[in-house]
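> Sequence below, structure please.
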Amino acid sequence: ADLVLLGKVWGFLKYHHPEIGKGNYNWDFELFRMLPTYLKREDATERDQILLDWIAKYGPLADCESCAATPKDAFLKPDLNWIDKSRFSDALQKQLHLIQQNRLQGTHFYIGMAPYVGNPTFKHEAPYANMPYPDAGFRLLALYRYWNMIHYFFPYKHLIDGGWNDKLDTYIRPFIDAKDELAYEQAALQLIGDIQDTHANIWGGADAINDWKGQYYPPVHVRFIEDQLVVTDYYNPELKESVGLEMGDAITAINGKSIADIISEIRSYYPASNEPNRLREISADLLRSNEEEIQIQFDRNKA
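Model (predicted):
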């Protein structure tokens, strides 16, 4: 629970504190510098004092004369209820609210707006691309980054099934305990999938996921039609005789496992806005394998 609170405080300071928002500190490394002390906390009182001392490091706040309150008729409002529900000390709650009331105005080091569109753009986020399986600290950082990006800037957050507030708690253990690169990438895909947006995915560097899906591709194209996995075309018509499948065949099982069971096992690794989009993405991978041959059961002329 304390790691969840740390992630929320870290993200709040990143996007609100004037000195941090100006880019005067490497906010990733500031997290790593304070983590050893934070992890040694004995109780909530010591935890809150560590956080207060951490905040004090970045200097006093100047009064913000242009920090207006959110209009009452705004459809989307900043969600800072976690501050009051966290059971933080009165002093820490007061300090966090004070930062919100005197937050950075104008150009921000970490967040901008796309010209002519207005959607948020996330700037100066080091990719750490040379760490395909980063250590637990960097995995925790990735979770903190993504949760706060969605929490403060995703316009459809209110439509997420089950809400977003508890997702940080849900994924702390999967991210920290990920035993290898594949487990880390799978945890990241599940987190991304929870925002229910087909445009959100791991678009680069998902080497372990790609290996898990299989290096060999089928000679046929398939897609779901009325909940059946149907052969719709050949990548190479010359292979039709040796493959034995015809257009219109409905595949019912792969290597003895039903299509429904396979989908149930892997669906959480395919982020999508809705189920038809998810099935479209899944269909492109269902016949991939790391074996040169797979066994297929199918129905003919029933699709």
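> residue closest to the middle of the protein?
I192 (3.3 Å; CA atoms, centre = their mean).
> Surely that one and Y270 touch.
No. Contact between I192 and Y270 fails when scored by CB atoms under 8 Å: they sit 10.1 Å apart. To be clear about C-beta, it is placed using only N, CA and C from the backbone, and glycine gets the same treatment.
> circling back: what strand or helix carries the residue nearest to the centre of the chain?
Following DSSP states H and E, one finds I192 within helix 181-193.
> Could you list the residues in contact with whichever helix or strand comes after that helix?
Sequence-wise, the next helix or strand beyond helix 181-193 is helix 207-213, with elements assigned using DSSP H and E. Residues outside helix 207-213 that contact it (CB atoms under 8 Å, 6 or more residues apart in numbering): 132-133, 180-182, 184-186, 189, 202, 269, 285, 288, 290.
> Could you list the buried residues of stretch 100-117?
For stretch 100-117, the neighbour count (16 or more other CB atoms under 10 Å) marks N102, R103, L104, H108, F109, Y110, I111 as buried.
> What of stretch 289-301?
Buried, per 16+ other CB under 10 Å, within stretch 289-301: S289, I296, F298.
> what does stretch 205-223 give?
For stretch 205-223, a neighbour-count test (16+ other CB under 10 Å) marks A206, A208, I209, W212, K213, G214, P218, V220, V222 as buried.
> what's the helix or strand for the last one?
Using DSSP H and E, the element containing V222 is strand 220-225.
> Now do the strands in this protein.
Assigned strands in the chain, in chain order: 111-113, 120-122, 220-225, 228-234, 250-254, 257-258, 296-299 (criterion: DSSP state E).
> Please provide the alpha-carbon coordinates for stretch 107-126, formatted as CSV.
Presented in CSV, the C-alpha positions along stretch 107-126 are these (Å, rounded to 0.1, in the frame of the first residue of the first chain):
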residue,chain,number,x,y,z
THR,A,107,5.4,25.7,-20.1
HIS,A,108,5.9,22.3,-18.5
PHE,A,109,9.0,20.2,-18.9
TYR,A,110,7.2,16.9,-19.0
ILE,A,111,3.8,17.7,-20.6
GLY,A,112,2.7,19.7,-23.7
MET,A,113,-0.2,20.0,-26.1
ALA,A,114,-0.1,18.9,-29.7
PRO,A,115,-0.5,21.9,-32.1
TYR,A,116,-4.0,22.3,-33.6
VAL,A,117,-5.2,19.1,-31.9
GLY,A,118,-4.8,19.7,-28.1
ASN,A,119,-4.1,16.2,-27.0
PRO,A,120,-1.3,15.8,-24.4
THR,A,121,2.2,15.1,-25.5
PHE,A,122,4.7,13.5,-23.0
LYS,A,123,8.1,15.1,-23.3
HIS,A,124,11.6,14.2,-22.0
GLU,A,125,10.6,10.7,-20.9
ALA,A,126,13.9,8.7,-21.1
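> now that stretch: mean pLDDT?
Stretch 107-126 carries an average pLDDT of 94.
> tell me which of the buried residues of stretch 289-301 is nearest to E30?
S289 (45.3 Å; CB to CB).
> ok, now which ones touch the closest residue to that closest one other than its chain neighbours?
In this structure, S289 finds its nearest non-sequential neighbour in G214, 4.2 Å apart by CB to CB, 6 or more residues apart in numbering. Counting by CB under 8 Å, 6+ apart, G214 makes contact with D285, R288, S289, N290, E291.
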